[in-house]
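> My questions are about this predicted structure, shown below with the sequence.
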Amino acid sequence: MTTILDDILKEKVKEVQRLKDIGTVEPVSDTTVHSLYDSFINSDYLSVIGEVKRASPSKGDIDNRVNPVEQAKAYVEAGAKAISVLTDTPFFKGTMDDLAQIRKAVDVPILCKDFIIDPIQIRRAKAHGADVILLIASALPKDELVSLYNEARRNHLAVLFEVHNEEELTIALDMDVDIIGINNRNLKTFDVSLDVTERLAEKIRTEETLVISESGIKSKEDAKRVTRAGAKGILVGETLMKSKNIRGTLEEMVVPLRSDQG
């Protein structure tokens, strides 16, 4: 059965070909590196990546009229320590220009949230000001993941390596990646459960490897739950995009990482 991930990857093949037809992209002049790992790993509080996205395949339109720059600035002013920008257009209605404009407006790490299958997408992300790219373990064979991971590091980009099950986590651990994103959403069925973070995080040496819990975190209790499992960061999209009180919603999730949990 064809899944939405299969459909997205098919579109990415076409997108990559268009990029190659156009040619290479020039790097941005500002090469300042914003380290997501350093910012998160030593924090005493759970760090939040606020995500800017207009739509998603599972939810449809979320906020198609959002001003990406103002949304990102609101996140940072409320305490977000990094920004995720959905740059896929066919399925999420984002653009690379969103990322470039946000880069000019905020001084925190920026994740280019896209479906990376080719080195040219990595160079494009760098050229538009990204500090971090996403690699999805379920999207590609291990040898291609290794190649793209190394390409990102050669371009001085960090990698959020996303896993959803034990098999994908084994690949991440074999590759010795330093940032693992545990996606609580199954990209093939859209089912969401924080049990995924609890099950996988206990297999990771979280004192050395930064664990980011992704999807399904909507409340302080959810934040506490993934923190107890070992996550030092969370990626929050829909909840913040729909919030009428971004500061209040975000501050509620910045819970202590220590044992008493506040």
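On my side now, so go ahead.
> can I assume residue 37 is in contact with residue 161?
No: Residue 37 is beyond contact range of residue 161, at 11.9 Å (criterion: CB atoms under 8 Å). C-beta here means a position set from N, CA and C on the backbone, and glycine is covered the same way.
> Touching both of these two, which residues are there?
Shared contacts of residue 37 and residue 161 (CB atoms under 8 Å, 6 or more residues apart in numbering): residue 179.
> out of the two, which sits in the more crowded spot?
Set side by side, residue 37 and residue 161 show more neighbours around residue 161, with 26 against 17, by other CB atoms under 10 Å.
> tell me which element that one is part of?
strand 158-163 (DSSP states H and E).
> count of neighbours near residue 126?
Residues near residue 126, counting by other CB under 10 Å: 20.
> So for it, what pLDDT did the model give?
Looking at residue 126, its pLDDT is 94.
> Could you do residue 221 as well?
pLDDT, residue 221: 97.
> Counting by contacts, list what the helix or strand harbouring it packs against.
Per DSSP H and E: residue 221 is located in helix 220-229. Secondary-structure packing of helix 220-229 (3 or more CB pairs under 8 Å, 6 or more residues apart in numbering; DSSP states H and E): helix 195-201, helix 246-253.
> if you set the cut-off to 10 Å instead, what comes out?
helix 195-201, strand 210-214, strand 233-236, helix 246-253 (3 or more CB pairs under 10 Å, 6 or more residues apart in numbering; DSSP states H and E).
> Please name every helix or strand in contact with the longest one.
Packing partners of helix 246-253 (3+ CB pairs under 10 Å, 6+ apart): strand 47-52, helix 68-78, helix 220-229, strand 233-236, helix 238-242.
> ok, now the second one?
The criterion is 3+ CB pairs under 10 Å, 6+ apart, and the helices and strands that strand 210-214 contacts are helix 36-41, strand 47-52, strand 82-86, strand 158-163, strand 179-183, helix 195-201, helix 220-229, strand 233-236.
> hmm, 8 Å instead?
helix 36-41, strand 179-183, helix 195-201, strand 233-236.
> neighbouring strands for the second one, and are they parallel or not?
According to DSSP bridges, the neighbouring strands of strand 179-183, each with its direction, are strand 158-163 (parallel), strand 210-214 (parallel).
> what's the angle between the longest one and strand 82-86?
Strand 158-163 and strand 82-86 meet at an angle of 70 degrees, taking axes from the mean of the first three to the mean of the last three CA atoms, to 10 degrees as the criterion.
> how distant is strand 158-163 from the center of its chain?
Offset of strand 158-163 from its chain centre (CA atoms, centre = their mean, to the nearest Å): 8 Å.
> Let me know the angle separating it from strand 47-52.
Using the same axes, to 10 degrees, strand 158-163 lies at 90 degrees relative to strand 47-52.
> Not counting its own residues, what contacts strand 158-163?
For strand 158-163, contacts defined as CB under 8 Å, 6+ apart pick out 35-37, 109, 111, 131-137, 145, 149, 152-153, 169, 171-172, 175, 177-183, 200, 212, 214.
> just the shortest one next, same as before
Surrounding strand 210-214, the residues in contact under the criterion CB under 8 Å, 6+ apart are 36-37, 40-41, 49, 160, 162, 178-185, 194, 197, 201, 204, 226, 229-235.
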